[in-house]
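A.B. asks: Mind looking at a prediction? Sequence and model below.
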Amino acid sequence: MITLEQFIADRQQELESATGAFSKILRDISLGAKLVSFYLRRASLAGFLGEIGITNVQGESVQKLDDMANRLFINLFSKNPHIAGIASEEEEHIIPTHPEGRYVILLDPLDGSSNIDVGVPVGTIFSIYRRVSSIGEPCTEADFLQGGRHQVAAGYVLYGTSTLLFYTTGRGVHGFTLEPAAGEFLLTYPQVQMPTKSSYYSFNDNQLHEWSEGLQRYVTDLHARNRSSDKPQSLRYVGSLVADFHRNLLKGGLFMYPGTVKKPEGKLRLLYEGFPMAWLTEQAGGKASDGYQTLLDVPAKKIHQRTPLFLGPATEIDRITEFLRNHVSVEAV
Ligand code: P6P
């Protein structure tokens, strides 16, 4: 069995930074994941469920566990001298930490938290960049707005039937399972590849009528293909991006959260949801877009910028783009 620490150490020579800074950041993420996992599993016993009575910068009611996870990770990262700053879904502004740090980290500390009270899996998403501002000075927003292709690491933790940590540094996607008896993440999913055939589709169709004509035609086409298929794709949607994404990564499936006429930018956040999930998707052989362009090429302008999000096998992503561009129904092949 290979632990996460051993796996990172063995590949240290592959990572650009041989100072071990990078592995210390991933180790903090791993420690934070173990602690969040512990608190989540006891939440209903320890009175951790429910809201804390404030609304965050997203306009969402903050759950007690959102606040716990956010504070826990910020505390951990603030003590790491290699991290120059943090951006979090729960924080309106960036948090400069160590001026000598060479990396910045973006975080969705607890994604899908509306599901916690009903025992549905939730997750943590992270995205890491090497800073571009001067070392020795406080980090700046520019460090966080470099764009998806400048990430040096990205990944997620899934707090599900087991606690899983998946990440990429640009050399494939690797998955680890927390062994509680040892308190270690052990390598269980080396070099993950998303199946090219889509078995699932994950989207909330409550606003289907507000989607573009082209996207509505894609959905009609998808149902038509299902009717004539001996292996129709199944709808799976739990409302936690990390859980929906993780299933589709392993089994092959489309996740989409489009924009609508009223909210063309969609709901999900580009920097700490879209970019990390898009890089993981590409590293696993899939495609990621905003419906029109490769997601990693979408310009990053604001920390909490939203984006339409399409993640999945190339066949489905290309089909969606075709429908969106042509607004016409493509003959089912
Ligand atoms: P809806 C959770 O609130 C979240 O940010 C993602 O984890 C999830 O994919 C999406 O929103 C679900 O949104 O509108 O379908 O409830």
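C.D. replies: Good, I have the coordinates.
A.B. asks: Need the pLDDT of Asp10.
C.D. replies: If you check Asp10, the pLDDT there is 83.
A.B. asks: What's the separation between it and Pro190?
C.D. replies: 12 Å (Cβ to Cβ, to the nearest Å). Where you see a C-beta, it was placed from the backbone N, CA and C, and this is true even at glycine.
A.B. asks: got it, and Thr281?
C.D. replies: In terms of Cβ to Cβ, Thr281 sits 18 Å off from Pro190.
A.B. asks: of these two, who's got more company?
C.D. replies: Remark: of Thr281 and Pro190, Thr281 carries more neighbours, 28 against 12, as counted by other Cβ atoms under 10 Å.
A.B. asks: quick one: average confidence on the helix or strand containing that one?
C.D. replies: Thr281 belongs to helix 275-283 when assigned by DSSP states H and E. Helix 275-283 shows a mean pLDDT of 98.
A.B. asks: Which positions in stretch 206-213 come out as buried?
C.D. replies: Counting neighbours by 16 or more other Cβ atoms under 10 Å, one finds that the buried residues in stretch 206-213 are 211-212.
A.B. asks: which residues touch it?
C.D. replies: Outside of stretch 206-213, the residues within contact range by Cβ atoms under 8 Å, 6 or more residues apart in numbering are 216, 219, 258, 260-262, 324, 327.
A.B. asks: again with stretch 38-56
C.D. replies: So stretch 38-56 is contacted by 61-69, 89-90, 116-117, 122, 159 (Cβ under 8 Å, 6+ apart).
A.B. asks: quick one: contacts of the helix holding Thr281?
C.D. replies: Residues contacting helix 275-283 (Cβ under 8 Å, 6+ apart): 106, 125-127, 147-148, 151, 154-156, 166-168, 170, 172-173, 194, 241, 245, 249, 287-288, 294-296, 300, 309, 311-312.
A.B. asks: follow-up on the earlier one: most neighbours of all the contacts of stretch 206-213, which one?
C.D. replies: Pro258 (24 neighbours).
A.B. asks: Hmm, it is touching Phe203, no?
C.D. replies: Yes. Using Cβ atoms under 8 Å, Pro258 is in contact with Phe203, at 7.5 Å.
A.B. asks: Return the nearest residue of the stretch 1-150 of the chain with respect to the ligand.
C.D. replies: Of all residues in the stretch 1-150 of the chain, Gly112 sits closest to the ligand, at 4.0 Å by Cβ to the nearest ligand atom.
A.B. asks: Excluding residues flanking it in the chain, which one is nearest that residue?
C.D. replies: Ser240 (2.9 Å; Cβ to Cβ, 6 or more residues apart in numbering).
A.B. asks: how far away is the one you found from Asp111?
C.D. replies: 6 Å.
A.B. asks: Please enumerate the shared neighbours of the two.
C.D. replies: With Cβ under 8 Å, 6+ apart as the test, Ser240 and Asp111 both reach 122-123.
A.B. asks: So which bits of the protein are right by the ligand?
C.D. replies: 111-112, 114, 204, 239-241, 267 (Cβ under 6 Å from any ligand atom).
A.B. asks: Quick one: buried ones out of those residues?
C.D. replies: Here, 16+ other Cβ under 10 Å leaves 111-112, 240-241, 267 buried among these.
A.B. asks: Run through the neighbouring helices and strands of the helix or strand in which Leu107 is found.
C.D. replies: Under the criterion of DSSP H and E, Leu107 resides in strand 103-111. Counting by 3 or more Cβ pairs under 8 Å, 6 or more residues apart in numbering; DSSP states H and E, the packing neighbours recorded for strand 103-111 are helix 21-42, helix 64-78, strand 83-88, strand 122-130, helix 141-144.
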